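> Sequence first, predicted model second:
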Amino acid sequence: MDYRPQEIEQKWRKRWQEEGLYKVREDSGKPKYYCLDMFPYPSGSGLHVGHWRGYTISDVWSRYKRLQGYEVLHPMGWDAFGLPAENAAIKEGIHPAILTARNIANFKRQLQQIGAMYDWDREINTSDPEYYRWTQYIFVKMFERGLAYRKKMPINWCPSCKTGLANEEVVNGECERCGTPVTKKEMDQWMLRITAYADRLLEGLERLDWPEKVKRMQTAWIGRSEGARILFAVAGHPDAEIEVFTTRPDTLYGATYMVLAPEHPLVAKITTAEQRAEVDAYVEQTLRKSAIARQIVDKTKTGVFTGAYALHPLTGDRLPVWIADYVLMDYGTGAIMAVPAHDDRDYEFAVAFSLPIKPVVGPEAGREPDELPYTGDGVLIHSDRFDGLSVAEGKKAIVEALHQQGRGEAAVSYRMRDWVFARQRYWGEPIPIVYCDHCGTVAVPEDQLPVRLPDVERYEPTGTGESPLAAIESFVHTTCPKCGGPARRETDTMPQWAGSSWYFLRYPDPHNDQAPFSKEAANRWLPVDMYIGGVEHAVLHLLYARFFTKVLYDLGLIDFDEPFQRLFNQGMLTLGGAKMSKSKGNVVNPDDIIAEHGADALRVYELFVGPPDEDAEWSTNGMEGVSRFLHRFYRLVVTHADKPVPTRDSLERLRHRFIATLTERLESFRMNTAVSAFMEYLNELSTEAEHGLDRATLETLAVTIAPFAPHLGEELWERLGHTTSVFDASWPTYDERWLRDEEVEIAIQVNGRVRAHTRIAAEAPQDDAVAVARAHPDVQPWLEGKTVVKEIYVPGRLVNLVVKG
RNA sequence: GCCGGGGUGGCGGAAUCGGCAGACGCAGCGGACUUAAAAUCCGCUGGGGGCAUCCCCGUACGGGUUCAAGUCCCGUUCCCGGCACCA
């Protein structure tokens, strides 16, 4: 009679596994539904109750969809390459593969406790050669299309660890591992040409059912801006031209100087002899600073005059050319025309170095701006024949004028850069490239993949900024796949983002050894109908995955070009107001909760704790409240399970209303209020139960609770005499008829304040309702000596009598 | 600085088509059961006043629109998130 969750849960977990209940069937004939969790990195810390939230939400949703008649693909796997395993390997000398396998075993055990309907036959692991073989295959395809290329560029460099660092490993300008200030170092890097897809990545967002916040973040990250490229000749250097990008070609007449990024290739060429020493010193100083130090830590304007002058393309004026670190080499053209009157940064710089400031836009025709810098809209002034044009007209006219002289054209620039795709690290996918003196850079042919990660003695980078693989002679020395001559392997590996950029395509066909996936399987299951995970992946992972998908679409491997139709970001759980983390020591271990209340209670509490998309504070009291609710739920159903009574109207009305409310709350993803709906229904039924409960009520309880508390749902379903799984039943439907009342209680207001309540026929016409209201004894005193000037009737809600006098 | 989201009882939160604010849960108080406690069950529970069956106030703050505002508009303030010299 007593609810013993641990017993029930163990029983059903075992039975589900024996019966293969969650094996996805390709031939069921049901419509498909693909509900995906962002797969975890299997860290050594294990799961805490905060991690449970997203997994619970996605599992409830998956089970709900299954009950609605869908064939649901709800898989799980491991994003298993990554730095923590490698760092642990360096520290403890354990092979990352061993450590990763150990962590996966623990994670899998914990995930199985959730009672989720994962089809473990489809489990994938990005560090498995059978998987990364295909990650490498996709890289080769990108290389063949010119989307993967090598470029010498400055990367973050830690002088102490003697290694290149990924941007994510640089925290506040310092090395994450040792705290040394990070500098820059020129190195050859593999890059992916994601910028070629900028417009498509932008446009595709419009078709997605994603949180607006995430769409905004991606839009901002891509950072499309329209403007113009303009060419400036350099006095005394007929073979040198400075090309700038600007969004304000209308302010061209206000340009009073030029700025090149310190790394700009023209710097060395145009710097005059007397300025050279100063320029060289400044360039060197800039290179020592990391991008972070340069951009965030100190925004004070610094710079040096090169001694050279550029020529204004329309006026021929001589504009001094400076270098300054506020101009970034990797945005636009790495050079700007400075218009201090209409740009905050240029203004600050001009003031600091006493450069001329010339306003060319005023708030209205012929009027000077009241204050500088003036960045608002307006009308052109001091701009020769363009005076009087609006900013928008001026942009067009000046670009047109430049175009006719071959000195400029409209252009688009993006904030997003190409993707640095190489890491000088061990625990990642080897980049499948071979360098041959004879044939050059050659991709490893498909039939020779995977390029396996060899075992190494030491996981530390070599000290030259190369990956540990560079020290493995047997790995480096190979033969050219083209000419058979001696060749060297690329020793860099891919970043952790690589494997996760396409894993969702592997689940539909996880054991394919002929291709990353069959086109047919991918087209059947994708796009993902519901993708659930944390908002921390709003940009990088989700942008990379979209990019890979578009490339695979262009390769003809799939027929869709957006991977995730709907995205949901769950909020995190806090304890003491802070995000749960092992290092802060504020984690709640699910094992303890399960031992006390059971997995079902934890699942339901994860939902009840608050709106699923908002952060929520863990509360032990709240957890206990939910646990009590499940005990009452179980008791109510079990008490009546073997002696159901014939149905009656009161039960039918409650049941249909409950189904309507619950379904609506679930559909709108308000899981916390969905749980409330159960509590309300249970409270109502506890009164009704004195006269017995009917079979439909009891079965409705078992089926509807099943997505939330699956073990409990199964147990109750069995107690009601069923021999098949509750998940092979159907989500109940409701009849509108039961949602309507014959009679309703409405409020009677006088001047907007409630003075009485009354019951009237739901369909009562306005005249009747108003008459009843006016005649109500509690209302009379408020009408005395007054005139009713207006009568408002909202059927089913209220009557409002507006009185005067 | 720019962009976005949000301030509702002692607490987590309901109510977002403008229509009875505070569903549901927690905590608290009272009662039943018990030798007693725990568990369970029942009742009460925004603030103030009359302290009856009633009235006033109340959704961050100040205005406004409306018969009616947590909900719409304007301004202020605080908190959270994103971006941060992107030309």
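It's in.

> Quickly list the domain ranges of chain A.
Listed by automatic domain parsing, the domain ranges of chain A are A:224-414, A:575-738, A:741-804.

> Make JSON lines from these and add mean pLDDT to it.
Formatted as JSON lines, these follow (pLDDT from 0 to 100):
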{"stretch": "domain A:224-414", "mean pLDDT": "92"}
{"stretch": "domain A:575-738", "mean pLDDT": "94"}
{"stretch": "domain A:741-804", "mean pLDDT": "90"}
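
> Go through the ones you listed and name the closest to A:Pro495.
domain A:224-414 (17.4 Å; Cβ to Cβ). C-betas here are computed from N, CA, C, even on glycine.

> picking up where we left off before, can you add mean neighbour count and distance to A:Pro461 and give the domains of chain A back as JSON lines?
JSON lines is the format used below for the domains of chain A (neighbours: other Cβ atoms under 10 Å; distance: least, Cβ to Cβ, whole Å):
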{"stretch": "domain A:224-414", "mean neighbour count": "18", "distance to A:Pro461": "18"}
{"stretch": "domain A:575-738", "mean neighbour count": "18", "distance to A:Pro461": "25"}
{"stretch": "domain A:741-804", "mean neighbour count": "15", "distance to A:Pro461": "71"}
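
> A:Arg122: which of these is closest?
Checking the domains of chain A against A:Arg122 by Cβ to Cβ gives domain A:575-738 as the closest, at 17.9 Å.

> can you tell me which residues contact the residue of the stretch 351-500 of chain A found nearest RNA strand B?
The nearest approach of the stretch 351-500 of chain A to RNA strand B comes at A:Arg415, 3.8 Å away (Cβ to the nearest atom of the strand). By Cβ atoms under 8 Å, 6 or more residues apart in numbering, the contact set of A:Arg415 is A:220-225, A:331.

> same question, A:Ala85
Here A:Ala85 is in contact with A:96, A:99-100, A:103, A:427 (Cβ under 8 Å, 6+ apart).

> Stretch A:543-551 near RNA strand B anywhere?
No. In terms of Cβ under 7 Å from any atom of the strand, no part of stretch A:543-551 sits within range of RNA strand B; the closest distance is 11.7 Å.

> what residues does that stretch touch?
So stretch A:543-551 is in contact with A:138, A:141-142, A:145, A:147, A:192, A:194, A:197, A:200-201, A:204, A:218, A:221, A:419, A:497, A:500-502, A:504-505, A:558, A:560-564, going by Cβ under 8 Å, 6+ apart.

> how far is it from where the chain is centred?
Here stretch A:543-551 is found 13 Å from its chain centre; the criterion is Cα atoms, centre = their mean, to the nearest Å.

> and the spatially most central residue of chain A, what pLDDT?
Central residue of chain A (Cα atoms, centre = their mean): A:Ala538, 2.1 Å from the mean position. Per-residue confidence (pLDDT) for A:Ala538: 91.

> I'd like the distance between it and RNA strand B.
Computed as Cβ to the nearest atom of the strand, to the nearest Å, the A:Ala538 to RNA strand B distance reads 7 Å.

> right, and that residue touches A:Ala220 too?
No. Using Cβ atoms under 8 Å, A:Ala538 makes no contact with A:Ala220, being 10.4 Å away.

> re earlier: now, which of the contacts of A:Arg415 lie within helices?
Among the contacts of A:Arg415, the members falling in helices (DSSP state H) are A:220-222.

> Output those in CSV; the columns should cover neighbour count.
Converted to CSV, those look like this (neighbours: other Cβ atoms under 10 Å):
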residue, neighbour count
A:Ala220, 12
A:Trp221, 15
A:Ile222, 20
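
> of the residues you listed, closest to RNA strand B?
Relative to RNA strand B, the closest of the ones in helices among the contacts of A:Arg415 is A:Ala220; by Cβ to the nearest atom of the strand it sits at 5.7 Å.

> On the pLDDT front, check the closest one for me.
Reported pLDDT for A:Ala220: 93.

> How about it: what's its closest non-neighbour residue?
A:Arg415 (7.7 Å; Cβ to Cβ, 6 or more residues apart in numbering).

> And the one you found, its phi and psi?
Main-chain dihedrals, A:Arg415, degrees, to the nearest 10: phi -70, psi -40.

> can you tell me the helix or strand for A:Gln189?
Assigned by DSSP states H and E, A:Gln189 belongs to strand A:183-192.

> Does that strand reach RNA strand B?
No. Against RNA strand B, strand A:183-192 shows no contacts by Cβ under 7 Å from any atom of the strand, the least distance being 14.4 Å.

> After that strand, which helix or strand is next?
Sequence order places helix A:198-205 as the next helix or strand after strand A:183-192, per DSSP H and E.

> Using neighbour counts, pick out the buried residues of that next one.
For helix A:198-205, burial by neighbour count (16 or more other Cβ atoms under 10 Å) applies to A:198, A:200-202, A:204-205.

> which one of those is nearest RNA strand B?
Closest approach between the buried residues of helix A:198-205 and RNA strand B, by Cβ to the nearest atom of the strand: A:Ala198, at 12.2 Å.
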